[in-house]
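A.B. asks: Generate a structure from the sequence data that follows.
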Amino acid sequence: MSEATSFLPPEVEHAYFDDGVDQARRLGAGIINTTVLIVPVDGEPAVVQQLSPIFNETLMGDYAVVSDHLRADGWTIPRLLPAADGSDYKKDEQGKVWRAFEFIESDEDVVGEAEKLTEYGSILGKLHTSLRTLDYEPVFALPHFHDTQYYATHLSEVSADIPS
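C.D. replies: You can find the predicted model right below:
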């Protein structure tokens, strides 16, 4: 396996980049999903993600609905790229879920620069305004995601075992 393709299992590379990969580099820290910028031998750059095991393939359907809605409202949102079999994802031999997006060029700015905070807040407000008009119940849900009592109870159960 070459350095360029060491990020992708062969079955994932072949599902999205049949002619091979010329370059690959990690994007961001990726504490939840592993995100990689891929420059294929023949074709346009793409972003490929290995989803965290907390997610499953139903997430792609939710992404499609939400991203289509935002695109219709004027947002620039990357489209999912189909795998060779036409699906929105590919599972590797270990059952890990991978997805690919079109690459959208962007400015590299530093999150947290004081002069950018107002702009970020404005963008977040506009996003919420756009999503407010979406009448959709996601298929995928993380168990107990907004269940504070669940986490408080679990913490009280294990707190005695946590070293001080």
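A.B. asks: helices and strands around the worst-scoring helix or strand of the chain on mean pLDDT, which ones?
C.D. replies: Counting by mean pLDDT, DSSP states H and E, the weakest-scoring helix or strand in the chain turns out to be helix 114-132, with a mean of 90. Contacts defined by 3 or more C-beta pairs under 8 Å, 6 or more residues apart in numbering; DSSP states H and E place helix 114-132 against helix 58-72. C-beta: built from backbone N, CA, C; applies to glycine.
A.B. asks: Hmm, Lys90 is touching Ala15, no?
C.D. replies: Yes. Using C-beta atoms under 8 Å, Lys90 makes contact with Ala15 at a distance of 4.1 Å.
A.B. asks: Can you pull the residues that touch both of these two?
C.D. replies: Residues touching both Lys90 and Ala15 comprise Ala83, Trp98, with contact defined as C-beta atoms under 8 Å, 6 or more residues apart in numbering.
A.B. asks: how about low-confidence regions in this protein?
C.D. replies: Flagging of the chain using pLDDT under 70 yields the residue ranges 1-5, 108-112.
A.B. asks: can you map out the helices along it?
C.D. replies: The residue ranges that make up the helices of the chain, judged by DSSP state H, are 10-16, 58-72, 114-132, 148-158.
A.B. asks: May I see the buried residues of the second one?
C.D. replies: By neighbour count, with 16 or more other C-beta atoms under 10 Å as the criterion, the buried positions of helix 58-72 are Leu59, Met60, Tyr63, Val66, Ser67, His69, Leu70.
A.B. asks: and if you look at the longest one?
C.D. replies: Across helix 114-132, burial judged by 16+ other C-beta under 10 Å covers Ser130.
A.B. asks: Can I get it as PDB, trimmed to CA atoms?
C.D. replies: What follows is helix 114-132, C-alpha atoms only, in PDB (Å, rounded to 0.1, in the frame of the first residue of the first chain):
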ATOM      1  CA  ALA A 114     -11.600  37.300  17.700                       C
ATOM      2  CA  GLU A 115     -12.600  39.200  14.600                       C
ATOM      3  CA  LYS A 116     -14.200  36.100  13.200                       C
ATOM      4  CA  LEU A 117     -16.400  35.300  16.200                       C
ATOM      5  CA  THR A 118     -19.200  37.600  15.100                       C
ATOM      6  CA  GLU A 119     -19.200  36.200  11.600                       C
ATOM      7  CA  TYR A 120     -19.300  32.600  13.000                       C
ATOM      8  CA  GLY A 121     -22.300  33.600  15.200                       C
ATOM      9  CA  SER A 122     -24.100  35.100  12.200                       C
ATOM     10  CA  ILE A 123     -23.500  32.000  10.100                       C
ATOM     11  CA  LEU A 124     -24.800  29.700  12.900                       C
ATOM     12  CA  GLY A 125     -27.900  31.900  13.300                       C
ATOM     13  CA  LYS A 126     -28.500  31.700   9.500                       C
ATOM     14  CA  LEU A 127     -28.100  27.900   9.700                       C
ATOM     15  CA  HIS A 128     -30.700  27.600  12.400                       C
ATOM     16  CA  THR A 129     -33.000  29.800  10.500                       C
ATOM     17  CA  SER A 130     -32.700  27.600   7.400                       C
ATOM     18  CA  LEU A 131     -33.100  24.400   9.400                       C
ATOM     19  CA  ARG A 132     -36.200  25.800  11.200                       C
END
